[in-house]
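Participant: fold the following.
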Amino acid sequence: MMRGMRSIGIWDIALTLVFAALDVLLMVGNVDDPEIAASWWSVPLFLLVVAPILWRRAAPVAAAAAMLVALGLHVALFGELVRCGVVFPLAFFLAFSAAARLELRGALAGLALVLASEAVMATWDGVISPAELVVFAPITAVLWGIGRVVRSRARLVSQLEARTSELRATRDRRAQLEVEMERARLSAELDELLQRRLAELATLADEGARTESADAATAKLVDIEHRSRRTLDEMRAVVGGLRYAAPAEPLPTLTHLEALILRTKGTGAKLAVEGNPRALPPGLELSAYRIVEHLLDALDDAPDVSVTVGFGPDALDITVAGPAARRGVAATAIERARERAALHSGTLEAATRGGRAEAVAHLPIAVVA
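Facilitator: Residues are numbered from 1 along each chain as shown. Now for the predicted structure:
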C-alpha cells in the first residue's frame with residue numbers, strides 16, 4: 001500500500017480533482033432534476049467511483065476493480081441516474097493505464113473490469129441504454145490497444161538504453177585495456193633501452209680504462225657523456241608515457257571535448273570539428289583528449305580560445321589557439337602534450353606571437369588494410 005502511495009504523482013491528484021468536480025456537477029444535476037430527484041447522498045458516494053483514478057498508474061487492475069465495486073454499490077443504493085458523463089471517461093483512462101503499464105494478462109484483466117463497469121453503468125443510466133455499448137466498447141478497446149503500443153515502445157526504448165549503456169561500458173573497458181597494453185609496451189621498451197645503453201656505456205668505460213693516451217681517454221669520457229645524455233632523453237620520453245596511470249573512471253574520448261572546453265574555458269570558447277568524424281582507436285582518442293587538455297592549460301582564461309579537430313583519412317590534426325598563459329606554465333603544459341603526441345609517433349608544433357599562442361598536433365591514424 002505504501003509503495004502504491006509513493007507512486008501517486010501530482011498529476012494523478014490533479015486528474016482526480018477534475019473528475020471529482022465533474023462528479024459533483026453531474027450528481028447535483030441528478031438531484032436538481034425533478035424527473036430524477038436523486039438523493040443528496042448520491043453526490044458524496046459517487047466520489048468513491050472517482051477515487052480509484054488515483055491508483056490508475058500504481059495499480060491499474062485494483063483501480064478498475066474498485067471502480068466496478070463502487071459503481072455497483074452506487075447503482076444498488078440509488079438506482080437509475082445519469083452517470084455516463086463521468087464513468088465513460090474514467091473507463092477510458094483506466095483501460096489505457098492497464099494496457100500501458102501491465103503485462104498482457106494484467107492488461108486483459110483491467111480491460112474486462114472496465115468493460116464490466118461500462119455494462120453496469122449503461123444498464124442503469126438515465127441517458128444511454130445497453131445497446132449503445134456497441135459504440136463505447138470498441139472505443140475502449142481501441143484506447144486499450146493504443147496503451148499496448150505505448151508499452152511496447154517504452155519497452156523498446158528501455159532495451160535500447162540498456163544496450164547503449166552496455167556498449168559504453170564495453171568501450172570504456174576496451175580503452176582501459178588498450179592503455180594498459182600501451183603502458184606494458186612502454187615498460188618493455190624502457191627495460192630494453194636501459195639494458196642496451198648500460199651495456200654500451202660499460203663497453204666504453206672498459207675501453208677508456210685500457211687506453212694509455214690521455215686524449216683517447218678524454219674522448220671516451222666525452223662519448224660516454226653524450227650517450228648518457230641521449231639515454232636520459234630517451235628515458236624521459238618513455239617515462240612521460242608511463243606517467244599517466246590507468247584511471248578508475250571511464251576514460252574520456254573526443255566526444256567529451258565540448259564538456260572539457262566548457263568546464264575549463266567557459267562558454268566563450270569554441271570547438272570546431274572538420275573532416276569525417278569517426279570512432280578512432282581508444283588509446284589514440286584518449287591521447288587526443290589529453291593533448292587538448294594540456295594545451296588548454298597552456299592558455300590563459302579568455303573568451304577567444306578555439307579548438308579545431310580535423311579528421312583526415314590517415315591522421316588526426318588538433319589545433320588549439322588562444323591567449324598564452326605564463327611562460328613557465330605554458331612550457332610545461334606544451335611539453336606534456338608533446339610527450340603524448342610522441343606516444344603515437346605524432347608531432348606537436350607550438351608558437352607564441354603577440355601574447356597569443358597556437359599549437360598544432362598531428363597524430364597518424366593506423367590504417368588497417
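Participant: check contacts around residue 53.
Facilitator: Residues in contact with residue 53 (C-beta atoms under 8 Å, 6 or more residues apart in numbering) are 12, 15-16, 19, 63, 90, 93-94. Any C-beta I mention is one placed from the backbone N, CA and C, and that applies to glycine too.
Participant: next one: residue 261
Facilitator: Taking C-beta under 8 Å, 6+ apart, one finds 269, 271, 292, 296, 305, 307 in contact with residue 261.
Participant: most neighbours among those, please name it.
Facilitator: Counting neighbours by other C-beta atoms under 10 Å, residue 292 leads the contacts of residue 261 with 27 neighbours.
Participant: surely it forms part of a helix?
Facilitator: Yes. Under DSSP: H, G, I helix; E, B strand; the rest coil, residue 292 falls within a helix.
Participant: could I get the contacting residues of it?
Facilitator: 257, 260-261, 307, 309, 318, 320.
Participant: got it, and residue 90?
Facilitator: Here residue 90 is in contact with 19, 49-50, 52-53, 67, 117 (C-beta under 8 Å, 6+ apart).
Participant: now that we have those residues, can you turn them into a markdown table and tack on distance to residue 138, pLDDT and secondary structure?
Facilitator: Below are the contacts of residue 90 laid out as a markdown table (distance: C-beta to C-beta, whole Å; pLDDT from 0 to 100; DSSP: H, G, I helix; E, B strand; the rest coil):
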| residue | distance to residue 138 | pLDDT | secondary structure |
| --- | --- | --- | --- |
| 19 | 23 | 85 | helix |
| 49 | 23 | 88 | helix |
| 50 | 24 | 88 | helix |
| 52 | 23 | 89 | helix |
| 53 | 22 | 87 | helix |
| 67 | 20 | 91 | helix |
| 117 | 16 | 90 | helix |
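Participant: relative to residue 192, which of those residues is nearest.
Facilitator: Distance to residue 192 across the contacts of residue 90 (C-beta to C-beta) is lowest for residue 53, with 75.5 Å.
Participant: give me phi/psi at residue 278?
Facilitator: Backbone torsions of residue 278, given as degrees, to the nearest 10, read phi -160, psi 170.
Participant: correct me, but it touches residue 311?
Facilitator: Yes. Between residue 278 and residue 311 there is a contact under C-beta atoms under 8 Å: 6.4 Å.
Participant: of these two, which one has the most company?
Facilitator: Between residue 278 and residue 311, counted using other C-beta under 10 Å, residue 311 has the larger neighbour count: 16 against 8.
Participant: burial measure for the closest residue to the more buried one other than its chain neighbours, as a count.
Facilitator: In this structure, residue 311 finds its nearest non-sequential neighbour in residue 275, 3.4 Å apart by C-beta to C-beta, 6 or more residues apart in numbering. Residues lying near residue 275 (other C-beta under 10 Å) number 13.
Participant: let's have the contacts of residue 53 in CSV, adding distance to residue 149 and secondary structure.
Facilitator: Shown next, in CSV, are these (distance: C-beta to C-beta, whole Å; DSSP: H, G, I helix; E, B strand; the rest coil):
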residue, distance to residue 149, secondary structure
12, 22, helix
15, 22, helix
16, 26, helix
19, 25, helix
63, 21, helix
90, 22, helix
93, 17, helix
94, 17, helix
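Participant: out of the residues you listed, which is nearest to residue 330?
Facilitator: residue 12 (59.0 Å).
Participant: next one: the nearest residue to that closest one once chain neighbours are set aside from residue 44, what distance?
Facilitator: Excluding its sequence neighbours, the residue lying closest to residue 12 (C-beta to C-beta, 6+ apart) is residue 54, at 5.4 Å. Residue 54 sits at a distance of 17 Å from residue 44 (criterion: C-beta to C-beta, to the nearest Å).
Participant: comparing the two, which residue is more hemmed in?
Facilitator: For residue 54 and residue 44, the more surrounded residue by other C-beta under 10 Å is residue 54, and the numbers stand at 21 against 11.
Participant: what residues go with each domain of this structure?
Facilitator: As given by automatic domain parsing, the domain ranges for the chain are 2-128, 172-242, 254-364.
Participant: of these, which shows the lowest average pLDDT?
Facilitator: Among the domains of the chain, domain 172-242 carries the lowest mean pLDDT, at a mean of 68.
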